[in-house]
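# the following comprises the amino acid sequence and a computationally predicted model.
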Amino acid sequence: MSTSTTTAPDAPPAPAAGSPLRWALADTATLTGRQLAHLRARPGELAGALGFPILLLLMFAFLLGGMMQAPGGDYRQALAPGLFTMTMLFGLSATMVGVLTDAQRGITDRFRSLPMSAGAVLAGRAVSDMVVSTFALAVLLGAALLIGWRPTAGPGSALAAVGLLLLLRFALLWVGIWLGLVVRGPGALTAVQTFEFPFAFLSGVFVAPATMPAGLGLLAEWNPLSSTAAAARELFGNPGWEGGSWVAQHALVMAVLWPVVIVAVFAPLAVRRYRRMSR
Amino acid sequence: MPPPAVHAHALRKHYPGSTGPALGGFDLTVPPGTVHGLLGPNGAGKTTAVRILATLLRADSGHAEIDGIDVAARPGDVRRRIGLVGQNAAVDEVLDGQRNLVMFARLLHLSPPDARRRAAQLLERFDLTEAADRPVAGYSGGMRRRLDIAVAMILAPAVLFLDEPTTGLDPRGRAEVWSAVRALVAAGTTVLLTTQYLDEADQLAARISVLAAPRGGGGRVVAEGTPDELRARIGGDRIEVVVRRPDDLPAAAAAVSRVAGSDAEVDTDLRRVSAPVADRMAALGATLSALAEADVAAEDLAVRRPTLDEVFLHLTDRVEVDA
Ligand SMILES: Nc1ncnc2c1ncn2[C@@H]1O[C@H](COP(=O)(O)OP(=O)(O)OP(=O)(O)O)[C@@H](O)[C@H]1O
Ligand SMILES: [Mg+2]
């Protein structure tokens, strides 16, 4: 691959040959490596990102769980898949922070001034954020098992649940990239982070939408998080509290459909925004 | 004759939502192998011009070429020929200096061994070898800038854009960056340098374009030339009269204008009237008698040589008044 040319000591080397596709993949790998190097250099940030969902898990399981009504009586069994879902949601602001920081620091401009494919910059972000989220999900699964959560529907079905959770994360990733390219300043970031919580509470993540006032309950049922949480409960073999409405009955379908729709809307928006970024 | 390294004609750019255009007919020609300074106050449109030339932003109208290649039509080919050092040091804060260089070298499609070799060369050349394995977050401003320039030099681009490379640096950091730029120029790189400091343009640039944004927007080049030519443009010496009573300002202005043969500038706050003059000694005597004739009590009278900053203020101010 590398044609080793004998160059003068201080002459710049020539770029190596390669097809555009090969370079797009190599660029993606280089940028993924960059994000992962960030995690290695700042283990505290990763620990925070992992610690927060675990903290929520413990709080809900031990402090609030006693009050919660759950089918089958054990709230933890229904809670854990909900928290997995919510962790995927938190990835949105994490992605947004990364994209926003790069844009503000001028790194994005530098990438854009290099003769590399635009897709690689976004793909590098996507791959590395998915790696981090997969890791976060694995840690949280372990923590849930430790406090007594049990998947009962077999390994294949559990893997499918994990797949659906990551699919949601992948969809939200594009929302995060788009937001990171569109918004400006720390105020917008705080707004998005603040918004994540009510968004999760207005869903079937923690409680049954049926217990909410009618209008809100309807919104909660149609919340994409509800579909993923319900589908994960179903596939993990955990009890759920889903009602008899159409969207609740079709959680599995909706848990695929919602992310596909979100990607179909936000990925083109993000790519377009990146291409014509004129800030 | 080779095409100019940088050529821009009648570039216009109006950011959506802003009141006036950021660039209103921007012209620039930089011959290969020279350093050109783009000088202007905050908001004059320097960054906008650089971003258009570096393919990061599309102009609303006008035409721009790098090495004869149209930036709008063939951005990919332009990117292979340019290096960009933006207004904010665009290096990765978390990675160390060496990893930054290797990463960008890989993104410029050098093979891994070539990337490492080039990184080592550039660290050496920009005097960063000792800091190579420290995270950039711990670098001084000058070191960060030098790393930034080193990254832009990985492929030894034909044209290097430096957008305010020394803003915010202390005198030592500034000197470090200046010597790095001089070394590049000696090696034949064409440099387009934006700055707010005339002394910086004076130190580094063979020619200077002064960019000004008149009220209502629309950055345009209001003067172009060598630093000496620009100094000559507002006349060599200036006569300055400070009057005792503000009421005397109009009479003093008339007297000074008559002596200088051009309209005097009036600064009401400082009670000062000034104008460029050709012959300093003759002007002193003539002004004294003109003031006496007009019965104006002067507090101070002097002939001064303009500083470069005054040239700059003069050029950029006058546009604001005209507009
Ligand atoms: N993304 C943007 N959206 C709207 N207006 C902008 C944008 N970027 C710059 N401007 C406006 O365009 C004008 C020129 O800005 P520009 O950044 O090019 O100036 P500059 O000469 O680089 O200034 P400085 O010395 O502060 O860096 C300014 O009035 C600025 O407010
Ligand atoms: Mg600027």
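All right, it came through fine. Numbers count the residues shown, from 1 in each chain, chains lettered A, B, ... in the order given. Ligands and ions are numbered 1, 2, ... in the order given.
# tell me the SS of the residue lying closest to residue A:108 once chain neighbours are set aside?
Take residue A:108 and drop its neighbours on the chain: the residue closest to it by C-beta to C-beta, 6 or more residues apart in numbering or on different chains is residue A:102, 4.7 Å away. For every residue, glycine as well, the C-beta is placed using N, CA and C. The three-state label for residue A:102, taken from DSSP: H, G, I helix; E, B strand; the rest coil, comes out as helix.
# for residue A:102, give its distance to residue A:174.
16 Å (C-beta to C-beta, to the nearest Å).
# so which of the two has more stuff around it?
Ranked by neighbour count (other C-beta atoms under 10 Å in any protein chain shown), residue A:102 and residue A:174 place residue A:174 first, with 24 against 21.
# which parts of stretch A:223-237 are buried?
Using 16 or more other C-beta atoms under 10 Å in any protein chain shown as the test for burial, stretch A:223-237 gives A:223-236.
# hmm, residue B:37 is touching residue B:199, no?
No: look at residue B:37 against residue B:199 with C-beta atoms under 8 Å: they stay out of range, at 10.6 Å.
# okay, now the closest residue to ligand 2 within the stretch 51-200 of chain B: neighbour count?
Nearest residue of the stretch 51-200 of chain B to ligand 2, counting by C-beta to the ion: residue B:87, 4.8 Å away. Residues contacting residue B:87 under the criterion other C-beta under 10 Å number 18.
# do the one 3 residues further on as well
The criterion is other C-beta under 10 Å. On that basis, residue B:90 has 23 neighbouring residues.
# residues contacting the residue nearest the centre of chain A?
Centroid check for chain A by C-alpha atoms, centre = their mean gives residue A:169 as the closest residue, at 3.0 Å. Contact analysis of residue A:169 by C-beta atoms under 8 Å, 6 or more residues apart in numbering or on different chains lists A:88, A:91, A:129, A:130, A:133, A:137.
# does stretch B:149-162 come close to chain A?
Yes: judged by C-beta under 8 Å from any C-beta of the partner chain, stretch B:149-162 comes into contact with chain A at B:151, B:153, B:154, B:155, B:156.
# and residue B:37 and residue B:199? Which one has more around it.
The neighbour count for residue B:37 versus residue B:199, taken as other C-beta under 10 Å, is higher for residue B:37 (25 against 13).
# which helices and strands does the helix or strand harbouring the more buried one pack with?
Taking DSSP states H and E as the definition, one finds residue B:37 inside strand B:35-39. Counting by 3 or more C-beta pairs under 8 Å, 6 or more residues apart in numbering or on different chains; DSSP states H and E, the packing neighbours recorded for strand B:35-39 are strand B:23-30, helix B:46-53, strand B:190-195, helix B:198-204, strand B:207-212.
# next one: residue B:133 from residue A:239, what distance?
54 Å.
# one more: residue A:262?
In this view, residue A:262 and residue A:239 are 28 Å apart by C-beta to C-beta.
# same check on residue B:101?
As judged by C-beta to C-beta, residue B:101 and residue A:239 stand 55 Å apart.
# so which of those two has more stuff around it?
Neighbours around residue B:101 and residue A:239, counted as other C-beta under 10 Å, are more numerous at residue B:101. The numbers are 28 against 15.
# once you drop chain neighbours, what's closest to that one?
In this structure, residue B:101 finds its nearest non-sequential neighbour in residue B:119, 3.7 Å apart by C-beta to C-beta, 6+ apart.
# can you pull the contacts of the one you found?
B:98, B:101, B:102, B:105.
# doesn't the first one belong to a helix?
Yes: secondary structure assignment (three-state DSSP) places residue B:98 inside a helix.
# so it sits against residue B:133, correct?
Yes: the criterion here is C-beta under 8 Å, and residue B:98 meets it with residue B:133 at 6.1 Å.
# leaving out chain neighbours, which residue sits closest to the residue of the stretch 101-250 of chain B at minimum distance from ligand 1?
In the stretch 101-250 of chain B, no residue comes nearer to ligand 1 than residue B:196, which is 5.7 Å away by C-beta to the nearest ligand atom. In space, and not counting its chain neighbours, residue B:196 is closest to residue B:41: 6.4 Å by C-beta to C-beta, 6+ apart.
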